[in-house]
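Participant: The following comprises the amino acid sequence and a computationally predicted model.
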Amino acid sequence: MTTAPSLWRQAVSATLHCLTGCAIGEVLGMVIGTALGWGNLATVVLSIALAFAFGYSLAMRPVLRAGLALPAALAVAFASDTVSISVMELVDNAFVVAIPGAMDAGLASGLFWGTLVASLAIAFVLTVPVNRWLIARGRGHAVMHQYHH
C-alpha cells in the first residue's frame, strides 16, 4: 500500500520545480541585463519575463507528454504555477534590489552572484508555505498531479 506524500513534501517538490524555471530565467535575465549595461528596471523586467517563460515551459512538459494539446497545456501551466512564480519573483527581485550595489556589481563580482543565490534561497523558503496552502485547496501544483507519471 502506498501513501500520498505529505502536503509539506508536495509543497517542497512543487517549489523546487518552480525554483528551477525561475532560477534559469532569473539568472539569465540578470546576466543579460548586466552584460548589456541595462538599467536595474530593464534588467529586473527581463529577469521576471524569462522566469515566467522558463517556469511555464517546464510546467508544460509533462502535460504535453500526457497528450494535452498546447492551449490546454498552457492553461494547466498557468493554473499550476502563476501564484508560485509570482511569489518567488516578488521575493527574489525585492531582495536583489534591496542589497546596496548588488545590481551594479558586475558579472565578475561575488556580491552579484552571492546576492542572486541568496535571493533564490530566500524566495524558495517563503514560497513553500504558499504552495502548501494552494495544494491543500486543490490549486497550484495539485492541478498538475494527474499529468505526472
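Facilitator: Perfect, I can see it now. Numbers count the residues shown, from 1 in each chain.
Participant: Whatever helix or strand residue 82 lives in: which residues count as buried?
Facilitator: Counting by DSSP states H and E, the element that carries residue 82 is helix 70-98. Under the neighbour-count criterion of 16 or more other CB atoms under 10 Å, helix 70-98 has 73-74, 76-77, 79-81, 83-89, 91-93, 95-97 buried. Backbone N, C-alpha and C define where each C-beta goes, glycine included.
Participant: The next helix or strand after it relative to helix 70-98, how many degrees between them?
Facilitator: For helix 70-98, the following helix or strand on the C-terminal side (DSSP H and E) is helix 110-136. Computed with axes from the mean of the first three to the mean of the last three CA atoms, to 10 degrees, the direction of helix 110-136 lies at 130 degrees from that of helix 70-98.
Participant: can you give me how far helix 110-136 is from the chain middle?
Facilitator: 9 Å (CA atoms, centre = their mean, to the nearest Å).
Participant: Tell me the buried residues in it?
Facilitator: By neighbour count with 16+ other CB under 10 Å, helix 110-136 contains the buried residues 112-113, 115-116, 119-120, 123-124, 126-128, 130-132, 134-135.
Participant: center of the protein, which residue is that?
Facilitator: Among the residues of the chain, the one closest to the centroid is residue 22, at 3.1 Å (CA atoms, centre = their mean).
Participant: What pLDDT is listed against that one?
Facilitator: According to the prediction, residue 22 has pLDDT 93.
Participant: Quick check: it vs residue 88, distance?
Facilitator: Counting by CB to CB, to the nearest Å, the gap from residue 22 to residue 88 is 5 Å.
Participant: Now do the shared contacts for these two.
Facilitator: Both residue 22 and residue 88 are contacted by 51, 120, 123, under the criterion CB atoms under 8 Å, 6 or more residues apart in numbering.
Participant: if I pick the last one, what's in contact with it?
Facilitator: Going back to what we said before, that points to residue 123. Residue 123 neighbours (CB under 8 Å, 6+ apart): 19, 22, 87-89, 91-92, 95.
Participant: Can you tell me which of those residues is closest to residue 7?
Facilitator: Nearest to residue 7 among these, counting by CB to CB, is residue 87 at 17.0 Å.
Participant: that older thread, can you tell me which of the shared contacts of residue 22 and residue 88 lies nearest to residue 14?
Facilitator: residue 123 (13.6 Å).
Participant: Thank you, goodbye.
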